[in-house]
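> Sequence first, then the predicted structure, then my questions.
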Amino acid sequence: MTIAAMTDEHARPVLEIYRLGIATGNATFETEPPTWDRFTTTRLAEHRFVALGTDRTVLGWTACGAVSDRCVYSGVVEHSVYVHPAHGGHGIGRALLDALITSTEKAGIWTIQSGIFPENAASLALHAACGFRTVGTRERVGRHHGVWRDVVLVERRSPTIN
């Protein structure tokens, strides 16, 4: 496996992996993937990565976007990480998050955060293993297919950026 910068050539498999995550019902409030244009305009280009198999197949991806355009939040991003369901449990998510952490640290970003459904135990475990802490649970924060859902807010604060 290789971690590489996400480019337009990865659009179709990235959006397909996103669609497969959406289909689980426990990955996101989204009900369908965005267009590639929307995907790329809402995520920071320098912090988008794919995991590639030996045959250059996209196995997973991670990306982040600014949480606000206010300057006080310039060092805070919200991220996503998705692994193709056929390739889970092989360290791909960990490798992707490690790449994201490295790139955001170099860019002076001090907080990476995400909201994770409590039912997504694998994602919560991955984030804990990568140094994310649970901030708390946002109860009934949104409806998903007509059902109120909670979201566990996790964050990783940079130990080097003060």
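Great, that's in hand. Keep in mind it's a predicted model, so treat the numbers as computed, not measured.
> Tell me which stretches of the chain form strands.
Applying DSSP state E to the chain gives strands spanning 2-5, 49-52, 58-66, 76-83, 111-116, 133-144, 147-157.
> Out of those, the one nearest Tyr18 is which?
Nearest to Tyr18, of all those, is strand 76-83, at 5.9 Å by CB to CB. The way it works is simple: take the backbone N, C-alpha and C, and place the C-beta from them, glycine included.
> The closest one - which strands sit beside it in the sheet, and in what orientation?
Partners of strand 76-83 in the sheet, by DSSP bridges, are strand 58-66 (antiparallel), strand 111-116 (parallel).
> give me every residue that touches the residue nearest the centre of the chain.
Nearest to the mean C-alpha position of the chain, by CA atoms, centre = their mean, lies Ser80 at 1.2 Å. When contacts are counted by CB atoms under 8 Å, 6 or more residues apart in numbering, Ser80 touches 28, 62-64, 114.
> Out of these, the closest to Phe39 would be?
Distance to Phe39 across the contacts of Ser80 (CB to CB) is lowest for Ala63, with 7.8 Å.
> shouldn't the closest one be in contact with Arg48?
Yes - Ala63 lies in contact with Arg48 (CB atoms under 8 Å); the separation is 4.2 Å.
> so what's in contact with these two at the same time?
Looking at what touches both Ala63 and Arg48 (by CB under 8 Å, 6+ apart), the common residues are Met6.
> Let me know the average pLDDT across stretch 133-145.
For stretch 133-145, the mean pLDDT works out to 96.
> Please state the offset of it from the chain centre?
Distance of stretch 133-145 from its chain centroid, counting by CA atoms, centre = their mean, to the nearest Å, is 16 Å.
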